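Trainee: Just the structure for this:
(one chain, ligands or ions: 2)
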Amino acid sequence: MKLTIIKIGGNVVDNPTLRENFLNDFAQIPSPKILVHGGGKIATQVAVKLDVETVMVEGRRITDKAMLDVVTMVYGGLVNKTLVAQLQSRGVNTIGLTGADAGVILSKKRPVKEIDYGFVGDIEKVNNAFIDSLLKQNLVPIFAPLTFDKEGNMLNTNADTQAQAIAVAMAKDYEVNLVYCFEKKGVLTDVDDDNSVIPELQKPYYEQLKTDGAIHTGMIPKLDNAFKAISEGVSQVTICHAAEVRLAVNEGTAGTKIV
Ligand SMILES: Nc1ncnc2c1ncn2[C@@H]1O[C@H](COP(=O)(O)OP(=O)(O)O)[C@@H](O)[C@H]1O
Ligand SMILES: CC(=O)N[C@@H](CCC(=O)OP(=O)(O)O)C(=O)O
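Mentor: Ligands and ions are numbered 1, 2, ... in the order given. Next up is the predicted model:
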């Protein structure tokens, strides 16, 4: 059986037009389906208001106790519950979850090496049977990028990684189609030119573009996760513009396909 897993990033969540159109499209995608959201941009804005400094290293947020409080409020509360309500109004029976709810995504606090990331979690286990039980009740799970550990901590977890881990876990029982939606038309050879979409991306070309500096910043962890998903049993992985999500899901003709 097919399962569609869509990830949306902070630039989509934070843009009213993009978000509204995306939610209309998401509502039309056949179930079973899962939504994973980010929200890094909103967390940074709220942190400014609360006088908490944002530090990012290689696309990951250094999460001290004050920042953990911010991301728990923003991802687990504001963003997650707003998306739940907005999809409910479109007739989609959503249930919003962090990884701590029902113990669905267990993590380990990232060990301190050269860098102390603070309360950042590396995923150890996804309870795919629990997620499956939600899907079998015709619910649509919406995951916030938060996990938990056995010591009672909430942990901040990159949303691209969370989507990959959920997709890999669900691939045991489903033919999973994982779609990363963001604000560009796909993986580009020139990041400033939306007409330079790479239709199909293989690992060697990715490595070359990375070396050349054409692929950088947030696209690197996204692609590392995309290739991991494909190598661990996910049937299809696409990176595309949020406005093209239905094309990507229904026709497989939008954005960049990872092969
Ligand atoms: N070759 C590339 N093609 C497209 N985007 C790229 C590329 N290289 C770097 N990027 C950057 O990666 C960003 C996407 O990563 P990120 O900001 O983490 O997305 P999200 O928040 O949606 O997960 C784009 O906004 C773009 O600035
Ligand atoms: C550990 C870590 O970096 N977590 C991310 C989680 C949010 C996220 O991934 O949001 P986007 O998809 O919008 O980038 C962060 O706090 O920024």
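Trainee: Any idea how many residues pack against residue 46?
Mentor: 15 (other Cβ atoms under 10 Å). C-betas here are computed from N, CA, C, even on glycine.
Trainee: If you count neighbours, what's buried in stretch 110-118?
Mentor: Using 16 or more other Cβ atoms under 10 Å as the burial criterion, the residues of stretch 110-118 that qualify are 110, 117-118.
Trainee: now, among these, which is nearest to ligand 1?
Mentor: residue 117 (16.1 Å; Cβ to the nearest ligand atom).
Trainee: which residues touch that closest one?
Mentor: The neighbours of residue 117, taking Cβ atoms under 8 Å, 6 or more residues apart in numbering as the test, are 57, 60-63, 110.
Trainee: top of the residues you listed by neighbour count?
Mentor: residue 63 (26 neighbours).
Trainee: Can you read off the pLDDT for that residue?
Mentor: Note on residue 63: pLDDT of 98.
Trainee: what bridges to it?
Mentor: residue 118 (DSSP bridges).
Trainee: distance of it from ligand 2?
Mentor: Distance, residue 63 to ligand 2, by Cβ to the nearest ligand atom, to the nearest Å: 6 Å.
Trainee: swap in residue 246?
Mentor: 21 Å.
Trainee: Now the nearest residue to that residue once chain neighbours are set aside: which helix or strand?
Mentor: Closest residue to residue 246 apart from its sequence neighbours, by Cβ to Cβ, 6 or more residues apart in numbering: residue 25 at 4.9 Å. Applying DSSP states H and E as the criterion places residue 25 in helix 16-28.
Trainee: For residue 64, which non-adjacent residue is closest in space?
Mentor: Leaving aside its sequence neighbours, residue 64 sits nearest to residue 118 (Cβ to Cβ, 6+ apart; 4.8 Å).
Trainee: ok now do the one you found, which residues does it touch?
Mentor: Applying Cβ under 8 Å, 6+ apart, one finds that residue 118 lies in contact with 62-65, 67-68.
Trainee: ok, now residue 105?
Mentor: Residues in contact with residue 105, defined by Cβ under 8 Å, 6+ apart, are 99, 123, 125-127, 143, 147-148, 157, 162, 165-166.
Trainee: How about residue 115?
Mentor: Counting by Cβ under 8 Å, 6+ apart, residue 115 has contacts 57, 62.
Trainee: which residues touch the residue in the stretch 1-150 of the chain that ligand 2 sits nearest to?
Mentor: Closest residue of the stretch 1-150 of the chain to ligand 2, Cβ to the nearest ligand atom: residue 38 (2.0 Å). Contacts for residue 38 (Cβ under 8 Å, 6+ apart) come out as 7-10, 13, 145, 159-160.
Trainee: Minimum pLDDT in these, which residue is that?
Mentor: residue 10 (92).
Trainee: What about that residue, how many residues nearby?
Mentor: Using other Cβ under 10 Å, the number of residues around residue 10 comes to 24.
Trainee: okay but it is in contact with residue 42, surely?
Mentor: Yes - with contacts counted by Cβ atoms under 8 Å, residue 10 reaches residue 42, the gap being 6.1 Å.
Trainee: ok, which stretches of the stretch 1-150 of the chain are strands?
Mentor: 2-8, 33-37, 56-57, 60-61, 94-97, 105-109, 121-126, 140-143, 146-148 (DSSP state E, counting those that start in this stretch).
Trainee: which residues in the stretch 101-250 of the chain form helices?
Mentor: 128-136, 159-170, 203-212, 219-231, 245-246 (DSSP state H, counting those that start in this stretch).
Trainee: So which residues make contact with the shortest one?
Mentor: To tie it back to what came earlier, the one meant is helix 245-246. So helix 245-246 is contacted by 6, 22, 25-26, 28-29, 179, 181, 254 (Cβ under 8 Å, 6+ apart).
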